[in-house]
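Enquirer: Got a sequence here, can you build the structure:
(one chain, ligands or ions: 1)
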Amino acid sequence: MKFFIDTANLEQIKEAQALGILDGVTTNPSLMAKEGITGEANIINHYKAICEEVDGHVSAEVISTDFEGMVKEGEVLASLNPQIVVKLPMIADGVKACKYFSDKGIKTNVTLVFSAGQALLAAKAGATYVSPFIGRLDDISTDGLNLISEIRLIYDNYMYDTQILAASVRHTMHIIDCAKIGADVMTGPLSAITGLLKHPLTDSGLAKFLADYQKGH
Ligand code: E4P
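Expert: You can find the predicted model right below:
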């Protein structure tokens, strides 16, 4: 399973990259705003800076909600760096724009996906990635992981190339469960990624090894 980090924070991106396990980055307008990145020029420069820090795909989300606007914005974003994936909302014009970009060989990520039917449309439009938001479904007492299972089944039935990018991952168990189900990618915060490192038996075992080594010196 590929690991993407879901942030626009350059320090966190660098930290995940330094671990050697990072495959890409996802951002959204809220994450950009959280870092105080506002205004078209600053946002564009920030995408360029993110691309310099990672080797993999970087999702950059359009703000427009109409087909023409999405195409215009998406073309600018895609021209910034070959790593850029144009992130489009799961609305009718987003599906049309996804088809437009996939026909041109431009990578896409269809976002804000909350149902298997939406994921099916994204695959038919040729999306590179589909982003089902599992945490936000859990927030409204709906099983987000079940959606990942449904999409996995549908995509495998028809051998769709679209990669399932489990999004809105909130904690380590989400990551482990997504890996069990067979999500192609997960995107989550640094805390969820580094949380996978932790086990008290690792810490106590290491402490004992080091203490025993010291006894012999
Ligand atoms: C996905 O690409 C989104 O940026 C993200 O995963 C949303 O997560 P949230 O529900 O924690 O805001």
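
Enquirer: Now do the helices in this structure.
Expert: 10-19, 29-34, 40-53, 67-80, 92-103, 116-124, 134-139, 144-158, 172-181, 190-195, 200-215 (DSSP state H).

Enquirer: Distance to the ligand for the ones you listed - can I get that in TSV?
Expert: (C-beta placed from N, C-alpha, C; glycine too.) TSV is the format used below for the helices of the chain (distance: least, CB to the nearest ligand atom, whole Å):
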stretch	distance to the ligand
helix 10-19	14
helix 29-34	6
helix 40-53	13
helix 67-80	15
helix 92-103	14
helix 116-124	13
helix 134-139	5
helix 144-158	10
helix 172-181	10
helix 190-195	10
helix 200-215	27
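
Enquirer: now those as TSV including mean pLDDT and distance to Val110?
Expert: Formatted as TSV, those follow (pLDDT from 0 to 100; distance: least, CB to CB, whole Å):
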stretch	mean pLDDT	distance to Val110
helix 10-19	98	23
helix 29-34	97	16
helix 40-53	97	19
helix 67-80	98	11
helix 92-103	98	6
helix 116-124	98	4
helix 134-139	98	15
helix 144-158	98	12
helix 172-181	98	18
helix 190-195	98	22
helix 200-215	97	38
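
Enquirer: JSON lines please, covering those and showing distance to Phe3 and mean neighbour count.
Expert: JSON lines is the format used below for these (distance: least, CB to CB, whole Å; neighbours: other CB atoms under 10 Å):
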{"stretch": "helix 10-19", "distance to Phe3": "8", "mean neighbour count": "16"}
{"stretch": "helix 29-34", "distance to Phe3": "17", "mean neighbour count": "14"}
{"stretch": "helix 40-53", "distance to Phe3": "15", "mean neighbour count": "16"}
{"stretch": "helix 67-80", "distance to Phe3": "23", "mean neighbour count": "17"}
{"stretch": "helix 92-103", "distance to Phe3": "24", "mean neighbour count": "20"}
{"stretch": "helix 116-124", "distance to Phe3": "21", "mean neighbour count": "20"}
{"stretch": "helix 134-139", "distance to Phe3": "15", "mean neighbour count": "17"}
{"stretch": "helix 144-158", "distance to Phe3": "16", "mean neighbour count": "17"}
{"stretch": "helix 172-181", "distance to Phe3": "8", "mean neighbour count": "17"}
{"stretch": "helix 190-195", "distance to Phe3": "6", "mean neighbour count": "17"}
{"stretch": "helix 200-215", "distance to Phe3": "20", "mean neighbour count": "9"}
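
Enquirer: Please identify which of these is closest to Val86.
Expert: helix 67-80 (4.0 Å; CB to CB).

Enquirer: Show me how far that closest one is from its chain's centre.
Expert: Here helix 67-80 shows a centroid-to-chain-centroid distance of 20 Å under the convention CA atoms, centre = their mean, to the nearest Å.
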